[in-house]
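Peer 1: 3D model of this:
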Amino acid sequence: MHTTFSDCDLSPEDVLDEAGRIGLDTLAITDHDSVDGLPRALARGRLNGVAVIEGIELSGWSANKEIHIVGLFIDSTNVDLRHRLTDLHQARRERLGEMLSRLRPLGVAIEPAEVLAVAGPAAPGRMHVAEVIWKRGYVDSLDTAFVRFIGDDGPAYVPKEFFTPEECVELILSVGGVPILAHPGITQRDELIPGLVEAGLQGIEVFTPTHSPMMVEWYMKVAEKHGLAISGGSDFHGSRKPDIALGCATVPHDRLAELRRRARQAVRLAAS
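Peer 2: Presented below is the predicted three-dimensional model:
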């Protein structure tokens with residue numbers, strides 16, 4: 001799940017309240033390149049009886065494509081982790097200025113303050129820029145803003161600062177977390193999996209709304225082949241991805257137990 005601390009439009013409290021309402025007993029908050037919303041999520045979870053897994057979704061880059069690595073059961077208070085995320089957030093602000101500069105010759109004149117107001121506590125990203133473009137009437141939908149202007153092939157696209165996928169795995173392991181390859185059916189870079197396993201990858205997302213039944217079957221086999229734990233989730237973003245409901249993809253309790261076992265092992269390794 002995501003919150004206003006990345007690119008969802010619901011606060012940590014709102015996400016936890018909705019999770020309790022629909023009967024989820026456990027969820028992972030995995031904001032993009034941020035752990036700042038976790039204290040609020042944990043506090044709300046204690047109030048409404050929903051267990052919160054501390055997580056993050058790190059952005060990696062390999063061969064001209066984003067590769068997302070989810071970290072579950074991380075130590076979100078780790079000083080080195082927080083320093084590295086602070087550096088990333090500063091780079092994202094610089095990227096925002098470049099993106100807006102490229103939009104102006106295309107007839108889209110928006111100010112940094114408008115995007116920062118939409119982003120709130122999150123580092124400004126393309127979703128926030130797209131929302132301002134849409135609200136200002138330059139396009140008729142968020143998707144159109146990406147297609148016409150800021151998608152990967154768009155004229156105003158500016159790459160963000162990335163770790164390599166292997167660096168994402170190593171960073172998550174260093175803070176006692178379980179690194180998981182996110183939505184591999186979207187990324188479609190299965191050839192990277194053996195190298196990521198060598199780097200310490202511990203799991204793969206199988207249960208996610210973007211995976212067809214055929215993909216679920218395929219990635220179950222990939223997980224078995226490489227000895228990976230099976231994970232998943234809805235990848236909820238609130239109204240910014242209206243077709244994805246909170247809790248629309250869940251993970252069986254036995255799979256969660258295996259992830260917890262690997263988390264205990266990761267903590268021991270990080271401390272050694």
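Peer 1: rest of the way, CA atoms for contacts and neighbours
Peer 2: Noted.
Peer 1: which stretches of this structure form strands?
Peer 2: Secondary structure of the chain (DSSP state E): strands at 26-29, 51-62, 65-72, 178-181, 203-207, 229-232.
Peer 1: how far off strand 65-72 does the fifth one point, in degrees?
Peer 2: An angle of 100 degrees separates the directions of strand 203-207 and strand 65-72 when computed by axes from the mean of the first three to the mean of the last three C-alpha atoms, to 10 degrees.
Peer 1: in its sheet, what does strand 203-207 sit against?
Peer 2: Here strand 203-207 has these sheet partners by DSSP bridges: strand 178-181 (parallel), strand 229-232 (parallel).
Peer 1: now the first one, how far from the centre of its chain.
Peer 2: Between the centre of strand 178-181 and the centre of its host chain there is 11 Å, according to C-alpha atoms, centre = their mean, to the nearest Å.
Peer 1: Check what pLDDT the nearest residue to Gly151 once chain neighbours are set aside gets.
Peer 2: Of all residues not flanking Gly151 in the chain, Tyr157 sits nearest, at 6.1 Å (C-alpha to C-alpha, 6 or more residues apart in numbering). You'll see Tyr157 listed with a pLDDT of 92.
Peer 1: Same check on Asp235?
Peer 2: The model reports Asp235 with a pLDDT of 91.
Peer 1: Where do the helices of the stretch 1-150 of the chain begin and end?
Peer 2: For the stretch 1-150 of the chain, the helices defined by DSSP state H, counting those that start in this stretch cover 12-22, 38-48, 79-103, 112-119, 126-135, 142-145.
Peer 1: no wait, the stretch 151-272 of the chain
Peer 2: Using DSSP H, counting those that start in this stretch, the helices of the stretch 151-272 of the chain run over 165-174, 184-187, 193-199, 213-226, 253-271.
Peer 1: Quick check: mean pLDDT of the second one?
Peer 2: Helix 184-187 shows a mean pLDDT of 92.
Peer 1: now do stretch 18-28
Peer 2: In this model, stretch 18-28 carries a mean pLDDT of 95.
Peer 1: same question, stretch 132-152
Peer 2: 94.
Peer 1: Can you give me the buried ones in that stretch?
Peer 2: Buried residues in stretch 132-152, counted by 16 or more other C-alpha atoms under 10 Å: Val132, Ile133, Trp134, Val139, Leu142, Asp143, Thr144, Ala145, Phe146, Phe149, Ile150, Gly151.
Peer 1: I'd like those residues as TSV, with distance to Glu166 appended.
Peer 2: Formatted as TSV, those follow (distance: C-alpha to C-alpha, whole Å):
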residue	distance to Glu166
Val132	34
Ile133	34
Trp134	35
Val139	37
Leu142	31
Asp143	30
Thr144	33
Ala145	31
Phe146	28
Phe149	30
Ile150	26
Gly151	25
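Peer 1: still on that earlier bit, ok, the residue nearest to Gly151 touching Phe149?
Peer 2: Yes: contact criterion C-alpha atoms under 8 Å: Tyr157 and Phe149 qualify, at 7.0 Å.
Peer 1: who's in contact with the residue nearest to Gly151?
Peer 2: Tyr157 is in contact with Met99, Phe149, Ile150, Gly151, counting by C-alpha atoms under 8 Å, 6 or more residues apart in numbering.
Peer 1: just Arg104 next, same as before
Peer 2: Ile110.
Peer 1: What pLDDT is listed against the nearest residue to His68 once chain neighbours are set aside?
Peer 2: Excluding the flanking residues, the one nearest His68 by C-alpha to C-alpha, 6+ apart is Ser59, at 4.8 Å. The model reports Ser59 with a pLDDT of 89.
Peer 1: measure Ser59 to His253 for me?
Peer 2: 27 Å (C-alpha to C-alpha, to the nearest Å).
Peer 1: Same question for Asp243.
Peer 2: With C-alpha to C-alpha as the criterion, Asp243 and His253 are 25 Å apart.
Peer 1: burial of Glu224, as a residue count?
Peer 2: As a burial measure, Glu224 scores 11 neighbours (other C-alpha atoms under 10 Å).
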